[in-house]
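Trainee: Here's a sequence, model it:
(chains A, B and C)
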Amino acid sequence: MDQKRDKSEILLAWYDEHARLMPWRVPPAQRQLGVLPDPYHVWLSEVMLQQTTVAAVRDYFVKFTQMWPTVSDLAAADDGDVMAAWAGLGYYARARNLLKCARVVAHDLEGVFPDNEAALLKLPGIGPYTAAAVSAIAFDVPATVLDGNVERVMARQFAVMEPLPDSKEALRELAASRTPQNRAGDYAQAVMDLGATVCTPRSPHCGVCPWADGCVARAQGIAAELPKKRKKAKVPTRVGVVYVARRCDGAVLLEQRPDKGLLGGMMGWPGSDWAQTQIDHDQPLDANWRTLPETVRHTFTHFHLHLTVMVTNIPDDPPVFRGVFVDSERFDANALPTVMRKVWKQAQLALIETGSDR
DNA sequence: AACGCGTGGAG
DNA sequence: TCTCCAAGCGT
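Mentor: Here you go, the predicted structure:
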């Protein structure tokens, strides 16, 4: 019992000195004066941080809080504006669930986020990790956060040899055994910071680790080898075709992707499905399409993609077409997912100099 | 329960 | 170039 208090107090003392500044974070000195962060900020940052690095999230968080200062503002936003603002951050289901969640909080909960794990867990896009993180960080509830960092720290502290994800529940119990009753929010952030900056995946910095004393994996010289993970199969390659049509007034032809599935709900260039081999498909409109010499390459979580890019300049709207022409003043490539931005970057050069293709 | 779901950085 | 991986969730 004293052991537990010692461990958490040692880590909290380390955090008091080493806490990193982040736009969504209230520094430990202020938290100890009783200042808690805005639950909306905590929730928004935690959703953005799911499987995403702090460096990637920072600018998006600032942009979102400027555009939508409160959860009610976000709830009132247009879906398309939110998807466009999220473009480039990845895992787009998060953005759709973000809006759903904001609307539940704004309309059913009077704009107030729940302060406990069970209620948070019922909201769209909030799973076990985010429910624990929001309740701890926003409300100082002594919930146990278990993310990739905490899993790694615990696996090393206790030399857990069983591979993930089989060991997940064991790691959760070990993490719970160290969660203090006081300063729950600081502790949650501290143990994740420790994993992110000291107890890193490769070459952990055990020399400066506040928990090096008593770390079983370090004592055995196997810290860098933990946690063990089951191997994942390597990713296949798929191919596809995309079509970039530019009207002479500068408007371009886009299509909204279906809500479910890859890049769900995002705007993109019309084209074929993406499969192991080239598959039959319809062109979005009848025109004199040119094939660009360079394919666009992109890697998703579970496959590589090689896209053939077709381009055309057309004088004005064709009689039939699939998709929607977006005016040049309203078109913003940054509102597209990254793979579609890459396509635009290639197509743009080929389209701008040439006149009509027919 | 295992799989689908993005992206960019590090080594 | 290639592999790994990051504050996971939904189905």
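Trainee: switch to C-alpha atoms for all contacts and neighbour counts from now on
Mentor: Will do.
Trainee: Now do the helices in chain A.
Mentor: Secondary structure of chain A, counting by DSSP state H: helices at A:2-18, A:28-31, A:39-48, A:54-67, A:71-75, A:79-86, A:93-108, A:117-121, A:128-139, A:148-157, A:168-178, A:184-197, A:216-220, A:338-353.
Trainee: Run the chain-centre distance for the third one.
Mentor: Pointing back at helix A:39-48 there. 12 Å (C-alpha atoms, centre = their mean, to the nearest Å).
Trainee: ok, residues contacting it?
Mentor: A:24-25, A:57, A:61, A:65, A:70-71, A:94, A:98, A:113, A:125-126, A:130, A:133-134, A:137-139 (C-alpha atoms under 8 Å, 6 or more residues apart in numbering).
Trainee: likewise the shortest one?
Mentor: Applying C-alpha under 8 Å, 6+ apart, the external contacts of helix A:28-31 come out as A:15, A:16, A:19, A:186.
Trainee: residues touching the third one, list them.
Mentor: What that stands for is residue A:19. A:27, A:28, A:190, A:193.
Trainee: Nearest approach to DNA strand B belongs to which of the helices of chain A?
Mentor: helix A:338-353 (3.5 Å; C-alpha to the nearest atom of the strand).
Trainee: Can you tell me which residues in the stretch 51-200 of chain A are near DNA strand C?
Mentor: Contact residues, the stretch 51-200 of chain A versus DNA strand C (C-alpha under 7 Å from any atom of the strand): A:51-54, A:91, A:97, A:123-131, A:147-149, A:189, A:192-193, A:195-196, A:200.
Trainee: Restrict these to the buried ones and give me that as a ChimeraX selection.
Mentor: Selecting only the buried entries of those in ChimeraX, with 16 or more other C-alpha atoms under 10 Å as the criterion:
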select /A:91,97,123,124,125,126,129,130,131,147,149,189,192,193,195,196,200
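Trainee: In a markdown table, list the contacts of residue A:19 along with pLDDT and distance to residue A:297.
Mentor: Compiled in a markdown table, the contacts of residue A:19 are given as follows (pLDDT from 0 to 100; distance: C-alpha to C-alpha, whole Å):
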| residue | pLDDT | distance to residue A:297 |
| --- | --- | --- |
| A:27 | 96 | 42 |
| A:28 | 97 | 44 |
| A:190 | 97 | 38 |
| A:193 | 96 | 34 |
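Trainee: For DNA strand C, state which of those is nearest.
Mentor: Once C-alpha to the nearest atom of the strand is applied, the member of these that ends up nearest DNA strand C is residue A:193, at 5.2 Å.
Trainee: Once you drop chain neighbours, what's closest to the closest one?
Mentor: residue A:19 (7.4 Å; C-alpha to C-alpha, 6 or more residues apart in numbering).
Trainee: Now do the closest residue to residue A:147 other than its chain neighbours, the pLDDT please.
Mentor: Ranked by C-alpha to C-alpha, 6+ apart and with sequence neighbours excluded, the top spatial neighbour of residue A:147 is residue A:129, at 6.4 Å. You'll see residue A:129 listed with a pLDDT of 97.
Trainee: tell me the contacts of residue A:129?
Mentor: Counting by C-alpha under 8 Å, 6+ apart, residue A:129 touches A:145, A:146, A:147.
Trainee: Adding pLDDT, write the residues you listed out as JSON lines.
Mentor: JSON lines is the format used below for the contacts of residue A:129 (pLDDT from 0 to 100):
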{"residue": "A:145", "pLDDT": "97"}
{"residue": "A:146", "pLDDT": "97"}
{"residue": "A:147", "pLDDT": "96"}
